[in-house]
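Colleague: curious how this folds, go ahead:
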Amino acid sequence: MKKTLTLLSILTVVLTATAQQELQFSQVLSNPYFFNPAAGGLSNIGEVYLSQRTQWTNIAGRPLSFYGTINSVIDTKKGDDQFALQELYTDRKSIYKTPDRTLGTKHVLGAKMFTDQIGPFSKNSVQASYAYHLPLSPDWNLGAGLGLGWSNFGIDENKAILTEAGDYAFISYAANSPRQNYIDASAGLVLYSKDLLLSLATTQLMNTTATFDGVTSNSKYNRHYTAMLSYRLALNSTYTLEPLFIAKSVKNAPLSYDAGFRFHYQNMGFFSATYRNQNALSFGIGLNVLKNFRICYSYDLSIAKTRSFGAGSHELMLGLIFGHKRNLSKEFEKDERERKQKEIESQEDI
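Modeller: Down below sits the predicted model:
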């Protein structure tokens, strides 16, 4: 028991000293759903994203994060059995415009999974979500969402470096599988128009206490609060400027914020630059390609005091969007049948 308590105290220091227990990503505005279960379905499309972030690339045991998300509007049109997803890319261009945000009543389903590793410590999570969006006016929508799932936090003894070879306390503890499984939840709100997006969300909603090997620690998986605001300013028919501000808050840590902008070209690609207070400068690019795919990359240049210990951070995100595809041949056949039927009816009337 004494050995377990000693190692629990180490884990407690890790959870409280790092404070910001949730993942850090720079491409938040490219996929706001990851941090907010209400932020899926902003457009009447389905979206799938995969993203990986590698920090401090010169350091062994560096932080490594990966996530995957999927969300889609699932409500159906009245009197129609097709999903209410909008038709995409009738112009068949390989580099396409991002679909506009849509307003109105929506039901949105989604799911996400992620894994986060730093040294011997890791967290894995899987979560499903539901969101409901309703119109406040012809120009504004309000959405609320809830996510619920499973999380796992633990230590990998194979990645631990011991100062004393054959440390019996650690070996004994590691043999007891120092991992904790717990129910996790998130919640959020979004207020949006075609140009403005306000997102408010909280993760690790359950505020679960860290418990290992049957022993309860003094540390918790604290609630994290994230607020995001962006607004699109059309400079002309070709260029759009999108200022953005993101603030993050969690117990035992100072407020963290990102401030910057995205510069869009014909709504097909963007360049971004953001400042993370006392931490990093981030530069990113994104492009819509091959009718359904999105590619985003960002590089974080550290400006913190620890910058000499490692290189910057790299983040890559791949996306797939899908919508309703028209079957033109069937539509033409249907129109032709209806035309012939009308001709027959008109002849019968004569």
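Colleague: what mean pLDDT does stretch 317-324 have?
Modeller: For stretch 317-324, mean pLDDT is 88.
Colleague: buried residues, that stretch. List them.
Modeller: Across stretch 317-324, burial judged by 16 or more other Cβ atoms under 10 Å covers 317, 319, 321, 323. (Glycine included, C-beta is placed from N, CA and C.)
Colleague: repeat for stretch 191-199
Modeller: Buried residues in stretch 191-199, counting neighbours by 16+ other Cβ under 10 Å, are found at 191, 192, 193, 197, 199.
Colleague: same list (those residues) but as TSV, adding distance to residue 112, secondary structure and pLDDT.
Modeller: Formatted as TSV, the buried residues of stretch 191-199 follow (distance: Cβ to Cβ, whole Å; DSSP: H, G, I helix; E, B strand; the rest coil; pLDDT from 0 to 100):
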residue	distance to residue 112	secondary structure	pLDDT
191	22	strand	97
192	20	strand	97
193	25	coil	96
197	19	strand	97
199	15	strand	97
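Colleague: residue ranges of the helices in this structure, please?
Modeller: 2-18, 168-174, 328-349 (DSSP state H).
Colleague: lowest-confidence stretch among these?
Modeller: Among the helices of the chain, helix 2-18 has the lowest mean pLDDT, at a mean of 46.
Colleague: residue 38: how many residues sit nearby?
Modeller: 31 (other Cβ atoms under 10 Å).
Colleague: neighbours around the closest residue to residue 318 other than its chain neighbours, how many?
Modeller: Counting by Cβ to Cβ, 6 or more residues apart in numbering, residue 318 lies nearest to residue 50, which is 5.0 Å off, once chain neighbours are set aside. Neighbours of residue 50 under the rule other Cβ under 10 Å: 14.
Colleague: per-residue confidence for residue 94?
Modeller: 79.
Colleague: quick revisit: gap between the residue nearest to residue 318 and residue 301?
Modeller: 24 Å (Cβ to Cβ, to the nearest Å).
Colleague: same thing with residue 105?
Modeller: Applying Cβ to Cβ, the value for residue 105 to residue 301 is 43 Å.
Colleague: bridged to residue 275, which residues?
Modeller: On the basis of DSSP bridges, residue 275 is bridged to residue 259, residue 281.
Colleague: from residue 210, how far out is residue 180?
Modeller: Where residue 210 is concerned, residue 180 sits at a distance of 6 Å (Cβ to Cβ).
Colleague: next: residue 23.
Modeller: Computed as Cβ to Cβ, the residue 23 to residue 210 distance reads 18 Å.
Colleague: how deep is residue 184 tucked in, by neighbour count?
Modeller: By other Cβ under 10 Å, neighbour count at residue 184 equals 21.
Colleague: ranges for the strands of the stretch 151-300 of the chain?
Modeller: 179-192, 196-203, 209-212, 215-220, 224-231, 233-234, 239-250, 256-265, 269-276, 280-289, 293-302 (DSSP state E, counting those that start in this stretch).
Colleague: how about the ones you listed, which one is nearest residue 155?
Modeller: Closest approach to residue 155 among these (Cβ to Cβ): strand 179-192, 7.7 Å.
Colleague: okay, the angle between the closest one and strand 196-203?
Modeller: Per axes from the mean of the first three to the mean of the last three Cα atoms, to 10 degrees, the angle that strand 179-192 makes with strand 196-203 is 160 degrees.
Colleague: listing partners with orientation, what would you give for strand 179-192?
Modeller: Taking DSSP bridges as the criterion, strand 179-192 pairs within the sheet with strand 140-155 (antiparallel), strand 196-203 (antiparallel).
Colleague: pull out the buried positions in that strand.
Modeller: Buried, per 16+ other Cβ under 10 Å, within strand 179-192: 180, 182, 184, 185, 186, 187, 188, 189, 190, 191, 192.
Colleague: mind checking which of the strands paired with strand 179-192 is nearest residue 341?
Modeller: Of the strands paired with strand 179-192, nearest to residue 341 by Cβ to Cβ is strand 140-155, at 40.8 Å.
Colleague: any low-confidence regions in the chain?
Modeller: Segments of the chain classed as low confidence (criterion: pLDDT under 70) are 1-21, 57-61, 75-84, 89-92, 156-178, 212-218, 305-311, 325-338, 347-350.
Colleague: separation between residue 223 and residue 118?
Modeller: Here residue 223 is placed at a distance of 20 Å from residue 118 (Cβ to Cβ).
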